[in-house]
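J.: Structure here, sequence nowhere to be found:
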């Protein structure tokens, strides 16, 4: 498939995810409107929908119908969005802009931002359990709930954000930084890819391939993020470049050096693509996404 | 059964819930320890475990084994605790004390308190999906996930807290206050009782009884809470009495008058007990709990 076709396909998947987000979120007019407005403000702020697309791609790579992965895809984006809202709060990273727009608490106030985040996180589990795409067996749906809850919780994403806050201004050992990245961004990306496989009813071998791919891609994604924070322009990023540096956050380039960071990102992406081997041609979208992670500029 | 025996039984159920909370929460030493410490600090702060006990009582009333309702009981307490942590934050109700101890953010800081709350909420769904008490069919477990997610989300508890924040300093219409109470405290109490029934595999008639009981008890519970905030002593409450008044919060007594509040609480508790009729003798613990709600002093 030509690159043009890939771009078109990802665009149509994004449309699928956006339509499902709109359909499955409470309407803006539901009481209390303010909190639903805040939830939708942040969900529809122009995100790349990377996690949903990874889930759909993994489902397809494992031979499942896309719609079986759609509730998981939506839940992942709701959880990703809640984590951004809470991370941006004054008590946390204190960011005023996100994707070029004022952050949730700048528009709706801190209380509504905290509650919008809480609402999105809770709604993710409502979407996973409410019977949409209900042809899937309950046991498989429950396994997806578990996979996502483990990845998003205090031993995963929430724990990673806590490590990040606690580490501000400190020199980190390489292993500590890797553990932080594995939790903060790695865990949910890994879960996104695995739940795609679970939705498709993938067997042990395919799940093994997907998991190895996921761990390498997640790591590379974070390294590229860290590199872009230093080398990207504020305009391209939609948030203030250099913010990690300003907040004295330990990053992959600051711990390992920029040259090593760039080389390692390439290596991990190569390993990610190699892990897809046993899936054959069906893994092509995931392989293309690895290339996208390596080439992104924002 | 004599009152003495009821007290002993509730004590043993509380012990069961506390042991399960301890067993199913990540150990305090898990990385990052600070966030796990904060989670446990608030979970083991001397709560009454009302929601877990309602879930266990409803399960027993519907003829199920207690252990089938234990994951739901634990999940409910984790969610209740997270909601208290977030409600106490400076951006929300700004409370320094809870159950006679400094609130989570006073001890661990705002960032860790936000994350501890996020971690507890997420962990509730991990507990519901991780296979503990796994004799229960997956479909029933998924139904419990859905029931709790709906009750705790932006159309339930989170929405109620948002209404409460937005209503501060305003005069509320009676219907608005009732909607606020139905969401803020009613929804999770209703879910607690319903998931006990679902865990027991209750049929439609029993679920109808439990739901009617739940809605009346939830309303009475909130009215009594509002009354105690005015008439209770700070010592008995473990938090500062009169705080609703100070924050200009609309309460049942402020909207309906104290005499009506007391009469309505009695009426609703009577209706709650009457709803249990078709369950026969098996409903006795739920009936006793209604009496407890009416007589509590803290």
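T.: Yes, it's here. Treat the numbers as computed from the prediction; the structure is a model and nothing was measured.
J.: so residue A:30 sits in a helix?
T.: No. Counting by DSSP: H, G, I helix; E, B strand; the rest coil, residue A:30 falls outside a helix, being coil.
J.: Nearest residue to the residue in the stretch 151-298 of chain A that chain B sits nearest to in space, please, no chain neighbours.
T.: Closest approach of the stretch 151-298 of chain A to chain B (Cβ to the nearest Cβ) occurs at residue A:154, with a separation of 3.4 Å. C-beta: built from backbone N, CA, C; applies to glycine. Nearest non-adjacent residue to residue A:154, counting by Cβ to Cβ, 6 or more residues apart in numbering or on different chains: residue B:119, 3.4 Å away.
J.: Only the buried residues of the one helix or strand residue A:14 maps to, if you could.
T.: Element membership of residue A:14 [criterion: DSSP states H and E] is helix A:3-24. For helix A:3-24, the neighbour count (16 or more other Cβ atoms under 10 Å in any protein chain shown) marks A:6, A:10, A:13-14, A:16-18, A:20-21, A:24 as buried.
J.: Next SSE downstream of it?
T.: helix A:33-43.
J.: now that next one and helix A:3-24, what's the angle there?
T.: 170 degrees (axes from the mean of the first three to the mean of the last three Cα atoms, to 10 degrees).
J.: Is helix A:33-43 in proximity to chain B?
T.: Yes. Judged by Cβ under 8 Å from any Cβ of the partner chain, helix A:33-43 comes into contact with chain B through A:34-36, A:39.
J.: so how far is the following helix or strand past that helix from its chain's centroid?
T.: Per DSSP H and E, the first helix or strand lying C-terminal to helix A:33-43 is helix A:50-61. What separates the centre of helix A:50-61 from the centre of its chain is 11 Å, taken as Cα atoms, centre = their mean, to the nearest Å.
J.: and helix A:50-61, average pLDDT?
T.: Helix A:50-61 comes out with an average pLDDT of 98.
J.: Report whether it contacts chain B.
T.: No. Applying Cβ under 8 Å from any Cβ, one finds helix A:50-61 separated from chain B by no less than 15.7 Å.
J.: Would you agree residue A:93 is in contact with residue A:84?
T.: No. Between residue A:93 and residue A:84 there is no contact under Cβ atoms under 8 Å: 9.6 Å.
J.: Now residue A:216: which helix or strand?
T.: Taking DSSP H and E as the definition, residue A:216 sits inside helix A:204-231.
J.: residues contacting the residue lying closest to residue A:205 once chain neighbours are set aside?
T.: Distance criterion Cβ to Cβ, 6+ apart; nearest residue to residue A:205, sequence neighbours excluded, is residue A:278 at 6.3 Å. In this structure, residue A:278 makes contact with A:205-206, A:209, judged by Cβ atoms under 8 Å, 6 or more residues apart in numbering or on different chains.
J.: Redo those residues as JSON lines? Include pLDDT and neighbour count.
T.: Output for the contacts of residue A:278, formatted as JSON lines (pLDDT from 0 to 100; neighbours: other Cβ atoms under 10 Å in any protein chain shown):
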{"residue": "A:205", "pLDDT": "97", "neighbour count": "10"}
{"residue": "A:206", "pLDDT": "98", "neighbour count": "20"}
{"residue": "A:209", "pLDDT": "98", "neighbour count": "23"}
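J.: would you list these in CSV and tack on distance to residue A:159?
T.: What follows is the contacts of residue A:278, written out as CSV (distance: Cβ to Cβ, whole Å):
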residue, distance to residue A:159
A:205, 30
A:206, 28
A:209, 27
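J.: did I read that right, residue A:160 in a helix?
T.: Yes. Counting by three-state DSSP, residue A:160 is part of a helix.
J.: So it sits against residue A:185, correct?
T.: Yes. Judged on Cβ under 8 Å, residue A:160 makes contact with residue A:185 at a distance of 7.1 Å.
J.: Looking at those two, which one has more neighbours?
T.: Shown here are residue A:160 and residue A:185; by other Cβ atoms under 10 Å in any protein chain shown, residue A:160 has more neighbours (26 against 21).
J.: quick one on the thing from earlier: let me know the closest of the contacts of residue A:278 to residue A:220.
T.: Distance to residue A:220 across the contacts of residue A:278 (Cβ to Cβ) is lowest for residue A:209, with 16.6 Å.
J.: ok, now how distant is the closest one from residue A:150?
T.: Relative to residue A:150, residue A:209 is positioned 20 Å away (Cβ to Cβ, to the nearest Å).
J.: could you list every residue that touches the nearest residue to residue A:110 once chain neighbours are set aside?
T.: Leaving aside its sequence neighbours, residue A:110 sits nearest to residue B:91 (Cβ to Cβ, 6+ apart; 3.5 Å). Residue B:91 is in contact with A:109-111, A:114, counting by Cβ under 8 Å, 6+ apart.
J.: Of the residues you listed - the most surrounded one?
T.: In terms of neighbours by other Cβ under 10 Å, those top out with residue A:114 at 30 neighbours.
J.: tell me which element that one falls in.
T.: helix A:110-129.
J.: Give me the next element, helix or strand, following that helix.
T.: helix A:138-152.
J.: circling back: next one: the helix holding residue A:114 to chain centre, how far?
T.: From the chain centre to the centre of helix A:110-129 is a distance of 16 Å (Cα atoms, centre = their mean).
J.: Stretch A:277-297 now?
T.: How far stretch A:277-297 lies from its chain's middle: 16 Å, per Cα atoms, centre = their mean.
J.: Could you give the separation between the terminal residues of that stretch?
T.: Stretch A:277-297 has an end-to-end distance of 27 Å (Cα to Cα, to the nearest Å).
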